[in-house]
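**Student:** Need a 3D model of the sequence below.
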Amino acid sequence: MGLAHFINNADAVAYVVIGLLLVASIGTWYLIFSKGVRVLRMQRESASFINAFWDAPNLEAVASRIREKGTTEPFAHLVHHGFTAIEQYKRRHIGGEAPSLIEAGAPDDLLTRALKRAIDEDRSRLEFGQTFLATVASSAPFVGLFGTVWGIYHALIAIGVSGQGTLDKVAGPVGEALIMTGIGLATAIPAAIAYNAFARANRNTLAQLNAFAYDVFAFMATGVKTSPMLTDARATSEKVIAMTRSDASHPAHSSFALR
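**Tutor:** All right, here's what the predicted structure looks like:
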């Protein structure tokens, strides 16, 4: 009796259950490694961009850096959307072209909508794969339990047909059936841990991005770095740069609303 014996004597239903758990496990570990590497790289690039943003002499220097290195992380992507909104406003309203619906409204409203869209797009990218992890974490134990119940059912039928109900005849088949529950738990536990870890990292990133968006809006809407604004912006910068080592315990807000 054992795993090899159980697999060799399994029926089609048991093979389907094992196949589902195997696919779920492979997908889980793929997301763990791929998203883990992506998150670490994004945090390093975000810290580098934030340093360059606050050290830049003006917004044109920031725009030049974005054109050179691209928008590979959320903070550069946010600023890029802001620059795009300003260019659209100048081209349509100042240049005399008829504005489209997306470009309608006051410049502050246009900039606000652009920054909101950037945050929403970044949220979607950050949450990629988390639905799969949550589904595996919640359903894999029940899939394994179904396999166990199915195995015990057939084991008890075989014991009843043989007429031998001693402990040595019952314990082996029932113990084999419990293997399915173990496989289900082994699949679900890494998925649950990974989901919680990525969800927390996303909350921290979105909270810092939300705070950074207010400063970007102020700089682009006014074009002047006044002393009080600069003090508040530097404070926000320090929080953003520290996001890679942040261990905040309070829940982060992922919404962005400018009034």
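
**Student:** Could you use CA atoms for every contact and neighbour count after this?
**Tutor:** Fine.

**Student:** Show me where this protein has its helices.
**Tutor:** If DSSP state H is used as the criterion, the helices of the chain fall at 3-8, 12-55, 59-69, 74-89, 107-126, 130-162, 167-222, 227-241.

**Student:** highest average neighbour count across these?
**Tutor:** Compared across those, helix 74-89 shows the largest average neighbour count, a mean of 21 (mean count of other C-alpha atoms under 10 Å).

**Student:** Would you reformat the helices of the chain as JSON lines and include mean pLDDT?
**Tutor:** JSON lines is the format used below for the helices of the chain (pLDDT from 0 to 100):
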{"stretch": "helix 3-8", "mean pLDDT": "67"}
{"stretch": "helix 12-55", "mean pLDDT": "91"}
{"stretch": "helix 59-69", "mean pLDDT": "86"}
{"stretch": "helix 74-89", "mean pLDDT": "85"}
{"stretch": "helix 107-126", "mean pLDDT": "86"}
{"stretch": "helix 130-162", "mean pLDDT": "86"}
{"stretch": "helix 167-222", "mean pLDDT": "86"}
{"stretch": "helix 227-241", "mean pLDDT": "37"}
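
**Student:** Tell me which residues touch residue 130, please.
**Tutor:** 195, 198, 199 (C-alpha atoms under 8 Å, 6 or more residues apart in numbering).

**Student:** ok, the first one - contacts?
**Tutor:** What it means is residue 195. Taking C-alpha under 8 Å, 6+ apart as the criterion, residue 195 is in contact with 130, 133, 134.

**Student:** That one and residue 125: what is the separation?
**Tutor:** Residue 195 sits 15 Å away from residue 125, going by C-alpha to C-alpha, to the nearest Å.

**Student:** sorry, back to before: which one of the contacts of residue 130 sits closest to residue 159?
**Tutor:** Residue 159 lies nearest to residue 195 out of these, by C-alpha to C-alpha, at 42.0 Å.

**Student:** Right, I'll call it a day here.
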